[in-house]
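A.B. asks: Task: produce atomic coordinates for the following.
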Amino acid sequence: MAPRFVTRRGRSSLPLSMSSATALVAALVVAATIGACGPGEGAQATGPGPRTPATGTAPSATAPLPSTSPTSAPPAGPGTTATSPTPPSPHPPFVGPMKPIAPSAMEGKLREIGLDPAALPPLDKLDAKTLRDVMNTFTKALGVQCSHCHEKDFRAPTAKKKIATRMWNDFTRALALEGSRGAGGESGVIYCDSCHGGRAQLLDRHDPVALGEWMQENYVDKLKRADRKDHGCETCHGDPFEGKILTTRWK
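C.D. replies: Model (predicted):
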């Protein structure tokens, strides 16, 4: 028996054949399927994209930009240790001819400021004015400025002030030239310029043998002790011998 559609007033519509009903249902299903799964209006159909693993990272759409940060140095090769370059020393070792010791050219200047070059008092016994005059002879003899030994506070202790005091007390006061005469015929005295001669550094230490021979000739054979005791290397370097007395015995 063919199905009938009932209207609101209860009247029957015209009969619909089975084949027509089936075709209508099929068309509705197809349309619904296309609407649900097909591309939207204006969309371009594309093939299925490549699968990516669930734990992977999506590929980048553009190539990476080149880095603008400075490149680092290549890693050190096997068996080596990367180290920073050593900065140059502010006071490189002295290299050059060593001047022989000589009678001081400042003997007259010392007498002008009221000092006897052959009998200098301890440095800490000088009055303020005389001390300033003596400091001027130091800078001239070593070819330096006051800042070579002093800080902004001139009274502050420094390592080089200690060395200058020991050189005054243990060298210029304690030693004298053996048998030498000054330019004016007076007995030659030893003072800062006798050894430094306008240079702060004066010993070339690159050849220990040559240095030892020079020290024997100039600081032993040409000098004598003011107290008339036997003079030798141990007068300054002690026994056992200590080479760098400025940074060890006189620090």
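A.B. asks: all helices for the stretch 151-251 of the chain, in order.
C.D. replies: 159-167, 192-195, 208-215, 234-237 (DSSP state H, counting those that start in this stretch).
A.B. asks: With respect to burial, which of the ones you listed scores highest?
C.D. replies: helix 192-195 (a mean of 23; mean count of other C-beta atoms under 10 Å). In short, each C-beta sits where N, CA and C put it, glycine included.
A.B. asks: Looking at the helices of the stretch 151-251 of the chain, which is nearest to Leu175?
C.D. replies: helix 234-237 (7.6 Å; C-beta to C-beta).
A.B. asks: Identify all contacting residues around the closest one.
C.D. replies: The contact list for helix 234-237 (C-beta atoms under 8 Å, 6 or more residues apart in numbering) reads 170-171, 174-175, 219, 225, 241, 243, 245, 249.
A.B. asks: Pipe the helices of the stretch 151-251 of the chain into TSV and attach distance to Thr137 and mean pLDDT per row.
C.D. replies: Formatted as TSV, these follow (distance: least, C-beta to C-beta, whole Å; pLDDT from 0 to 100):
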stretch	distance to Thr137	mean pLDDT
helix 159-167	11	91
helix 192-195	7	95
helix 208-215	24	94
helix 234-237	21	92
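A.B. asks: give me every residue that touches the residue nearest to Ala159 when sequence neighbours are not counted.
C.D. replies: Leaving aside its chain neighbours, Ala159 sits nearest to Lys251 (6.7 Å; criterion: C-beta to C-beta, 6 or more residues apart in numbering). Lys251 makes contacts with 159, 162-163, as judged by C-beta under 8 Å, 6+ apart.
A.B. asks: Apply 10 Å and report the result again.
C.D. replies: By C-beta atoms under 10 Å, 6 or more residues apart in numbering, Lys251 lies in contact with 159, 162-163, 166, 244-245.
A.B. asks: what's the farthest-apart pair in these?
C.D. replies: Lys162 and Lys244 (14.5 Å).
A.B. asks: For the residue nearest to Ala159, give its distance to Arg166.
C.D. replies: Distance of Lys251 to Arg166, computed by C-beta to C-beta, to the nearest Å: 9 Å.
A.B. asks: next one: His237
C.D. replies: In terms of C-beta to C-beta, His237 sits 13 Å off from Arg166.
A.B. asks: between the two, what contacts are shared?
C.D. replies: 245, 249.
A.B. asks: Touching both of Lys251 and Arg166, which residues are there?
C.D. replies: Ile245.
A.B. asks: After the lowest-mean-pLDDT helix or strand in the chain, which helix or strand is next?
C.D. replies: Ranked by mean pLDDT, DSSP states H and E, the weakest helix or strand in the chain is helix 18-37, scoring a mean of 45. Of the helices and strands lying after helix 18-37 in sequence (DSSP states H and E), the nearest is helix 107-112.
A.B. asks: after that next one comes which helix or strand?
C.D. replies: helix 128-142.
A.B. asks: Check which helices and strands that next one is in contact with.
C.D. replies: Judged by 3 or more C-beta pairs under 10 Å, 6 or more residues apart in numbering; DSSP states H and E, the packing partners of helix 128-142 are helix 107-112, helix 159-167, helix 192-195.
A.B. asks: Show me what the first one is packed against.
C.D. replies: Translated: helix 107-112. helix 128-142.
A.B. asks: can you tell me which residues contact Phe241?
C.D. replies: For Phe241, the contacting residues are 233-234, by C-beta under 10 Å, 6+ apart.
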